[in-house]
Structures are given as C-alpha cells and as structure tokens.
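K.L.:
got a predicted model here, sequence first, then my questions.
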Amino acid sequence: MSGGSGVVHRTVARTLRKRNDPHGKSIVDPSILKGVEIDNSGIVELWIKPSKPHCPCCLDDLIDLRGLLKKQRGVLACHIEIVGIPQSDRWTAAINE
C-alpha cells in the first residue's frame, strides 16, 4: 500500500465508523457492511445489506453516504453494491446513478 492509499483507507474507515444507518445501527456492523475494497487509484467499493430493505430512508441514506465518500480527499469514485435483499440490483442502480 502506498502512502497515499493508506490515507484513503484511513479516511474511508473513519467515515464509516462514524456512520449509523437511519435506524441507529452502526454501518460497520457485520450484518450491514459486507465488504470494502479500495484500489490504489482511490476507487471505493462497498457491499452493503440494508438493515430495513424496504425502507426508503435507508436508500436515501446510502445515496448520502456515497456522496460523502466521494468528497473525501483521495477518493476518485465510490460504488455501493446492495446485496442480500430482493431486487438488490434496483437499489444498486438507484444509489449509483
């Protein structure tokens, strides 16, 4: 890991640790955050299973989280993949449009 990517890793980790979903559960809870990948160019990929898959506020919150991560220094792009719920492809498309 280069020095620059280490900063991005720490920034993303700090942002995620401070974040709760709209229902008060930490976003880094293993039942929600299923995976994180950050490549050397600063592209962040998250795999998330929303705690309440039919709740529109969860969708809005993930859109906000993606926007927040994209604003972090060193983050080139952010993609959130929704997993483990019905019609996850529709959630993924809505969040990343």
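P.N.:
Noted; the coordinates are in hand. Keep in mind that what you see is a predicted model, and the values were worked out from it rather than measured.

K.L.:
for the residue most central in space within the chain, which three-state class applies?
P.N.:
In the chain, the centroid-proximal residue (C-alpha atoms, centre = their mean) is residue 46; its distance is 4.6 Å. Following DSSP: H, G, I helix; E, B strand; the rest coil, residue 46 is assigned to strand.

K.L.:
for it, what are its contacts?
P.N.:
33, 35, 36, 78, 79, 80, 81 (C-beta atoms under 8 Å, 6 or more residues apart in numbering). In short, each C-beta sits where N, CA and C put it, glycine included.

K.L.:
what about residue 7, neighbour count?
P.N.:
The number of residues packed near residue 7 is 15, by other C-beta atoms under 10 Å.

K.L.:
and residue 24, by the same measure?
P.N.:
Counted with other C-beta under 10 Å, the neighbours of residue 24 add up to 7.

K.L.:
separation between it and residue 32?
P.N.:
12 Å (C-beta to C-beta, to the nearest Å).

K.L.:
returning to what we had before: most neighbours among the contacts of residue 46, please name it.
P.N.:
The most crowded member of those, judged by other C-beta under 10 Å, is residue 78 (22 neighbours).

K.L.:
residues contacting that one?
P.N.:
Taking C-beta under 8 Å, 6+ apart, we find residue 78 in contact with 43, 44, 45, 46, 66, 69, 70.

K.L.:
so how do I select the buried members of the residues you listed in ChimeraX?
P.N.:
Only the buried entries of these go into this ChimeraX selection, using 16 or more other C-beta atoms under 10 Å:
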select :44,46,66,69
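
K.L.:
ok, the contacts of residue 78 vs residue 15, which is closest?
P.N.:
Nearest to residue 15 out of the contacts of residue 78 is residue 69 (C-beta to C-beta; 6.2 Å).

K.L.:
that closest one sits in which helix or strand?
P.N.:
Using DSSP states H and E, the element containing residue 69 is helix 56-70.

K.L.:
just checking, next helix/strand downstream of that helix?
P.N.:
Later in the chain than helix 56-70, the nearest helix or strand by DSSP H and E is strand 77-82.

K.L.:
what inclination does that next one have with respect to helix 56-70?
P.N.:
Strand 77-82 runs at 150 degrees relative to helix 56-70, counting by axes from the mean of the first three to the mean of the last three C-alpha atoms, to 10 degrees.
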